[in-house]
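Trainee: return atomic coordinates for the entry below.
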Amino acid sequence: GGGGGGGRRAKNEEGKMRLGGDEEPVLRQHLMEKLEPLCEAEPAVLAEYVIALLKNDASMDELRANCVSELQDFLQENTEEFVEGLFKELESKSWMKGGGGDADSKIDEEAPTPERSPLVEHHDEAELEPSENEEEGREA
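Mentor: Coordinates of the predicted model:
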């Protein structure tokens with residue numbers, strides 16, 4: 001018989017994904033939000049699936065390729081874009097910092113940004129005037 005090997009432990013490569021216990025639920029929530037508009041499948045199920053894929057013991061490049069091929073059925077033409085974005089976020093862990101400072105994350109409308117200079121607003125008003133005259137001319 002001789003049942004050989006089995007103890008082949010992969011070298012701990014730099015590029016490996018390692019999800020901490022506290023990171024997983026945050027990532028799952030984040031994935032659900034990203035996946036919901038992209039697919040008809042249940043986002044919770046798919047998020048779980050993505051996390052399972054990410055836990056494979058492979059380099060980032062292999063994981064990325066794996067995710068693309070596995071998610072193709074669900075996300076179709078959105079797959080590559082989703083996976084690319086996901087891996088950028090995984091590298092920077094932006095989702096751990098509370099909704100990553102992305103323009104498309106929900107902006108709190110209650111907090112006005114005081115830095116905006118008032119000059120900008122005057123500029124807008126000046127540009128609105130000519131278009132009103134055009135409207136009148138069109139009616140005649």
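Trainee: and the residue nearest to L90 when sequence neighbours are not counted, what's its pLDDT?
Mentor: Distances taken as Cβ to Cβ, 6 or more residues apart in numbering place M17 nearest to L90, at 6.5 Å, with adjacent residues excluded. All C-beta spots, glycine's among them, are computed from the backbone N, C-alpha and C. Looking at M17, its pLDDT is 70.
Trainee: again with L75
Mentor: For L75, pLDDT reads 94.
Trainee: distance of it from L53?
Mentor: As judged by Cβ to Cβ, to the nearest Å, L75 and L53 stand 13 Å apart.
Trainee: so the two - more neighbours on which side?
Mentor: For L75 versus L53, the count of surrounding residues by other Cβ atoms under 10 Å is larger for L75: 21 against 18.
Trainee: pull out the buried positions in stretch 82-97.
Mentor: 82-83, 86-87, 89-90, 94-96 (16 or more other Cβ atoms under 10 Å).
Trainee: export those to TSV and append columns for pLDDT, distance to G1 and secondary structure.
Mentor: Output for the buried residues of stretch 82-97, formatted as TSV (pLDDT from 0 to 100; distance: Cβ to Cβ, whole Å; DSSP: H, G, I helix; E, B strand; the rest coil):
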residue	pLDDT	distance to G1	secondary structure
F82	95	47	helix
V83	96	43	helix
L86	93	44	helix
F87	92	43	helix
E89	89	48	helix
L90	86	43	helix
S94	81	51	helix
W95	74	48	helix
M96	78	48	helix
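Trainee: tell me the one among these nearest to V45.
Mentor: F82 (15.4 Å; Cβ to Cβ).
Trainee: all helices for the protein, in order.
Mentor: 23-35, 43-54, 60-75, 79-92, 119-139 (DSSP state H).
Trainee: between the ones you listed, which gets the lowest average pLDDT?
Mentor: Across the helices of the chain, helix 119-139 gives the lowest mean pLDDT, at a mean of 54.
Trainee: show me the contacts for F82.
Mentor: Contacts here follow Cβ atoms under 8 Å, 6 or more residues apart in numbering; on that basis F82 touches 34-35, 38, 71, 75.
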